[in-house]
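**Q** Return atomic coordinates for the entry below.
(2 chains)
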There are 2 protein chains.
Amino acid sequence: MSKSIFYHAGCSVCVSAEQDVLSFIPSHQIDIVHLGTDKSKVKEAKRAGVESFPALVLSNGSVLHINFGASIEDLK
Amino acid sequence: MSKSIFYHAGCSVCVSAEQDVLSFIPSHQIDIVHLGTDKSKVKEAKRAGVESFPALVLSNGSVLHINFGASIEDLK
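**A** Here you go, the predicted model:
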């Protein structure tokens, strides 16, 4: 199974959601991407359908926007 | 560990999110509550902090609002 990807940008909502997500997805099955410090990944996230973060992109391609930290547009 | 609860109201966003959630949380560790057909649970959901659905309430009390189907206010 390929990994899920958790996109965040360091906001408090993101940090809290990350801990919750890691409570049910083992850390070896998930990549954590900080879009604030790794802006090269912003395009990849948008292509996957991420509109806001934190967001969890599952290995099947589904995008789960979890709570709301900020819009991806704010990262430009 | 006590169970997580997935609250939904039968909307298409809810059904899709339910399948995604069940891909990483085993079904015996989660209760699925349909607030549209079981309105007695609406109060319980609000008390837990659910504002919209689909929403996943973890056993530690965290509330993850996943994508957006509808506001809980629409159920009144």
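**Q** what comes up buried for the host helix or strand of A:Glu44?
**A** Per DSSP states H and E: A:Glu44 is located in helix A:42-48. The neighbour-count check on helix A:42-48 (16 or more other CB atoms under 10 Å in any protein chain shown) flags A:42, A:45, A:48 as buried. In this view, the C-beta of every residue, glycine as well, is placed from N, C-alpha and C.
**Q** packing partners for that helix?
**A** If you count contacts as 3 or more CB pairs under 8 Å, 6 or more residues apart in numbering or on different chains; DSSP states H and E, helix A:42-48 packs onto strand A:52-57.
**Q** could you check whether the strand it packs on is close to chain B?
**A** No: Strand A:52-57 stays clear of chain B (CB under 8 Å from any CB of the partner chain), getting no nearer than 8.6 Å.
**Q** Give me the contact list for that strand.
**A** Here strand A:52-57 makes contact (CB atoms under 8 Å, 6 or more residues apart in numbering or on different chains) with A:4-9, A:11, A:13-14, A:17-18, A:21, A:35, A:45, A:48-50, A:63-72.
**Q** List just the nearest of the buried residues of helix A:42-48 to chain B.
**A** Within the buried residues of helix A:42-48, proximity to chain B (CB to the nearest CB) peaks at A:Ala48, which comes in at 13.9 Å.
**Q** Quick check: chain neighbours aside, which residue is closest to that closest one?
**A** A:Val57 (4.9 Å; CB to CB, 6 or more residues apart in numbering or on different chains).
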